[in-house]
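> Give me a 3D structure for the following:
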Amino acid sequence: MKRNLAAAFLFLCGSSYAADLSLEAVGPAGNAVPITFGMVFAPGEIKGALTARDKNGAVLPLQVDAKARNKDGSLRHAIITTTVARARDGQAINFILAPGAVPQGAPVTRAALPGNFDAVVNLDLGTTRLSASARALLAQTKAETWLEGPLVSEWWVSGPLRDASGRADVHLTARFGLRSYGPGKPLRVEVVVENGWTYVPAPRSVAYAAAIMLGGKQVFSQERIVQQSHTRWRQVFWWDESAESYIRPPLEQLKRARAIPNYAAGIDAPADAMMRFYRAANRGPMGTGVIYPAMPVTGQRQDIGPLPGWTVSYLVGGSAAARELTLSAGDLSGSFPSHYRNEKTGRPTTSEDYPKISTHYNFVGRGPTNLPLPDLAGLAKPYTAEPAHEPSLAFVPYLLTGERYYLEELQFWSQWNSWGTAPEYHGFEKGLIGWDQIRGQGWSLRTMAQAAYITPDGDPIKPVLLRQMKANAAFYDNAYSNNRAANIFHTALRDSDTADSVAPWMDDYLSWAASYAVQLGFDEFTPFARWKAVFPVQRMINSDYCAVMATKYYMLVKDSPRHFIDSWAKLYVANLPKEYRSGPPIACGSPDMTKAFKLNRDGEMMGDSSSPNGYPAQLQPALAAAVDLNAPGAREAWAKFQARPVQPRGGVDPKWNILPWSP
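Numbers count the residues shown, from 1 in each chain. Below you'll find the model as predicted:
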């Protein structure tokens with residue numbers, strides 16, 4: 001099927017610039033192309049209705065499904081649908097969004113579905129054959145409406161897979177998303193298979209052969225799928241001919257809305273190496289593709305960072321390869337056992353649903369009120385998820401596509417992240433994350449903030465997430481920013497913690513995440529974010545310390561298990577090699593320091609300064625955040641960091657190359 005590339009320009013109400021978008025349309029040449037995509041807006045930017053016009057000023061059909069609004073009532077996130085004339089031979093499709101309204105007609109209804117419509121999932125477990133039919137579920141259950149309007153409507157139905165006698169399997173559920181553009185127009189069918197009920201008896205991994213039928217024709221099959229408990233997978237099809245289309249990431253608009261970090265423009269991580277890895281990996285149902293299947297494994301991986309490397313490559317460069325990696329990772333995030341769906345509500349389970357929930361091995365399978373122990377059914381290498389190494393897999397895919405699957409992925413992970421401890425440590429219904437190791441706190445806060453920011457206002461999980469954000473901010477204020485006894489270095493370690501050292505690079509993840517929460521509009525995190533900003537700043541500029549040592553792998557901050565060192569000067573001495581701690585301290589950046597730490601040149605920061613992913617590179621987002629927060633000394637620290645004598649070969653990796661909004 002031929003793919004044509006086209007460009008689009010989006011002019012936004014009240015803006016003084018145009019964000020350059022790129023559209024790829026797939027379909028018969030000459031036909032109109034329906035385009036459905038997600039768009040995010042800054043507070044105050046869109047207060048009224050929108051209209052769409054082509055480059056000649058002609059009004060285009062437009063449907064805006066508003067999903068979330070900013071505090072001032074202006075539009076934050078919407079799923080937008082329009083129809084444009086198809087580009088020929090690579091010619092551009094140009095259109096604008098501007099203030100105004102377009103005539104609205106009657107919404108597309110289920111009567112638009114083809115007369116012979118059905119989507120059927122068949123699973124062959126060897127001794128049992130299970131099936132689910134979208135047509136039957138439409139007739140028997142109430143559909144949930146995701147999109148509704150004159151250009152497109154989307155409905156969701158779900159139900160258990162059943163055997164030949166009609167008996168429902170207690171574990172496996174099929175979910176169908178049906179997106180219709182109207183009678184005789186494109187129909188998109190989404191199929192999701194879940195093994196994820198929260199308190200289902202005897203949860204287990206299930207092995208089966210799978211097939212999917214559309215209108216009696218087989219469109220998918222796989223001989224063997226082994227599905228762990230609390231996972232899901234999906235496949236997307238077009239009923240007749242594909243009308244797949246998308247917009248190129250509007251980088252400047254995403255920045256204008258402050259939805260993503262301020263990535264340096266024009267620095268695109270090549271997706272070639274990531275794509276080679278992806279092509280060789282299992283990227284079908286229950287595969288992991290480019291995601292590392294064992295998240296606890298350490299190392300400089302492309303999935304670790306504020307956003308994964310492939311996502312940053314897509315945002316900055318917009319290539320088709322990076323798009324495939326980004327959306328595939330969003331799809332395959334369902335392969336990890338972090339998906340708990342509430343049997344009563346049908347929604348992702350929250351800490352408010354079950355305040356005593358815990359996935360810690362001390363609780364799972366121990367007593368009737370705890371989660372039952374899953375049976376891996378002999379699965380040789382089960383995938384493992386972990387907040388400390390958790391990528392942001394679904395936020396940008398949902399932001400740009402508006403697809404419900406990605407939204408639920410974000411919600412599933414945002415809740416699961418807090419459950420790996422005793423219920424009292426995660427604050428029962430509060431979903432606290434402060435119990436985890438520091439890097440786990442950082443990535444969990446990022447995921448929770450993203451979920452709370454973008455979840456639709458009408459979703460019952462939205463107020464839960466907002467309450468959890470406030471509860472976590474209060475936790476950090478009590479522990480640090482409002483605690484006069486908190487350590488003078490402003491690292492996320494307490495007297496009660498038995499550790500005597502902190503990994504500054506882990507701490508920097510939390511410093512960045514707290515600032516990012518403020519960036520997304522969660523002002524309750526401002527005190528903690530400003531408190532945390534002190535640590536990266538002072539490591540760079542404090543006259544009693546040394547910027548060379550700002551990026552040590554571990555930094556000793558206590559002189560006994562429950563007592564912090566009480567000055568930066570003592571901290572400096574304590575973090576020198578033992579043989580240099582007595583006598584006059586060696587000078588910062590001197591040849592003696594270079595020798596002591598086995599550096600390559602005087603003044604070089606520790607932690608592989610020449611690497612695009614070294615610890616100095618990982619410090620950059622935290623320093624940029626400090627500048628954004630106007631923390632004391634932040635601009636001086638940023639300038640000193642930018643002038644460091646050893647820079648990464650080829651520059652900082654794009655996923656760490658985050659700049660202050662106002663340097």
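
> Could you give the average pLDDT over the helix or strand where Lys570 lies?
Using DSSP states H and E, Lys570 sits within helix 568-574. Mean pLDDT, computed over helix 568-574, is 97.

> Pull out the buried positions in the following helix or strand past it.
Later in the chain than helix 568-574, the nearest helix or strand by DSSP H and E is helix 591-596. For helix 591-596, the neighbour count (16 or more other Cβ atoms under 10 Å) marks Met593, Thr594 as buried. Where you see a C-beta, it was placed from the backbone N, CA and C, and this is true even at glycine.

> can you give me how far helix 591-596 is from the chain middle?
Per Cα atoms, centre = their mean, to the nearest Å, the displacement of helix 591-596 from the mean C-alpha position of its chain is 42 Å.

> which parts of the helix or strand following that helix are buried?
Once the chain leaves helix 591-596, the next helix or strand it forms, by DSSP H and E, is helix 615-628. Of the residues in helix 615-628, 615-628 count as buried by neighbour count, 16+ other Cβ under 10 Å.

> Need those residues in a markdown table (columns: distance to Tyr354 and pLDDT).
Below are the buried residues of helix 615-628 laid out as a markdown table (distance: Cβ to Cβ, whole Å; pLDDT from 0 to 100):
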| residue | distance to Tyr354 | pLDDT |
| --- | --- | --- |
| Tyr615 | 39 | 97 |
| Pro616 | 43 | 98 |
| Ala617 | 40 | 97 |
| Gln618 | 36 | 97 |
| Leu619 | 39 | 98 |
| Gln620 | 39 | 98 |
| Pro621 | 34 | 98 |
| Ala622 | 35 | 98 |
| Leu623 | 40 | 98 |
| Ala624 | 38 | 98 |
| Ala625 | 34 | 98 |
| Ala626 | 38 | 98 |
| Val627 | 41 | 98 |
| Asp628 | 37 | 98 |
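
> For the helix holding Lys570, what is the distance to the chain centroid?
Here helix 568-574 shows a centroid-to-chain-centroid distance of 38 Å under the convention Cα atoms, centre = their mean.

> can you list the residues that contact it?
Helix 568-574 is contacted from outside by 488-489, 538, 542, 544-546, 549, 555-557, 559, 565, 581, 585, using Cβ atoms under 8 Å, 6 or more residues apart in numbering.

> out of the residues you listed, which is most surrounded?
Neighbour counts for those peak at Cys546, which has 25 neighbours (criterion: other Cβ atoms under 10 Å).

> From the centroid of the protein, which residue is nearest?
Nearest to the centroid of the C-alpha atoms of the chain, with distances taken as Cα atoms, centre = their mean, sits Ser392, at 3.0 Å.

> Look up the closest residue to that one, ignoring the ones flanking it.
Leaving aside its sequence neighbours, Ser392 sits nearest to Leu307 (Cβ to Cβ, 6 or more residues apart in numbering; 5.2 Å).

> Also Gly309?
Nearest to Gly309 is Gln302, by Cβ to Cβ, 6+ apart, at 3.7 Å.

> what's the spacing between that neighbour and Gly367?
41 Å (Cβ to Cβ, to the nearest Å).

> So between those two, which is more surrounded?
Using other Cβ under 10 Å, the more surrounded residue of Gln302 and Gly367 is Gln302, with 24 against 8.

> Now do the same contact list for the more buried one.
Contacts of Gln302 (Cβ under 8 Å, 6+ apart): Met274, Val290, Pro308, Gly309, Trp310, Lys655.

> How about Arg635?
Counting by Cβ under 8 Å, 6+ apart, Arg635 has contacts Val627, Pro663.

> The closest residue to Ala294 other than its chain neighbours and Pro337: what is the separation?
Using Cβ to Cβ, 6+ apart and skipping the chain neighbours, the partner closest in space to Ala294 is Thr384 (5.2 Å). As for Thr384, its distance to Pro337 is 8 Å (criterion: Cβ to Cβ).

> what domains does the record give for this protein?
3-102, 110-243, 254-439, 487-663 (automatic domain parsing).

> would you turn the ones you listed into TSV with distance to Ser481?
Converted to TSV, the domains of the chain look like this (distance: least, Cβ to Cβ, whole Å):
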stretch	distance to Ser481
domain 3-102	22
domain 110-243	35
domain 254-439	12
domain 487-663	4
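
> just so I know, which of those domains lies nearest Gly458?
Closest to Gly458 of the domains of the chain, according to Cβ to Cβ: domain 3-102, at 8.1 Å.

> what's downstream of the lengthiest strand in the chain, the next helix or strand?
Under DSSP state E, the strand in the chain containing the largest number of residues is strand 168-180. Next in sequence after strand 168-180, counting helices and strands by DSSP H and E, comes strand 187-195.

> Just checking: what are the partner strands of that following strand?
Strand 187-195 has the following strand partners under DSSP bridges: strand 168-180 (antiparallel), strand 231-238 (antiparallel).

> deepest of those strands, which one?
The highest average neighbour count among these, using mean count of other Cβ atoms under 10 Å, belongs to strand 168-180 at a mean of 22.
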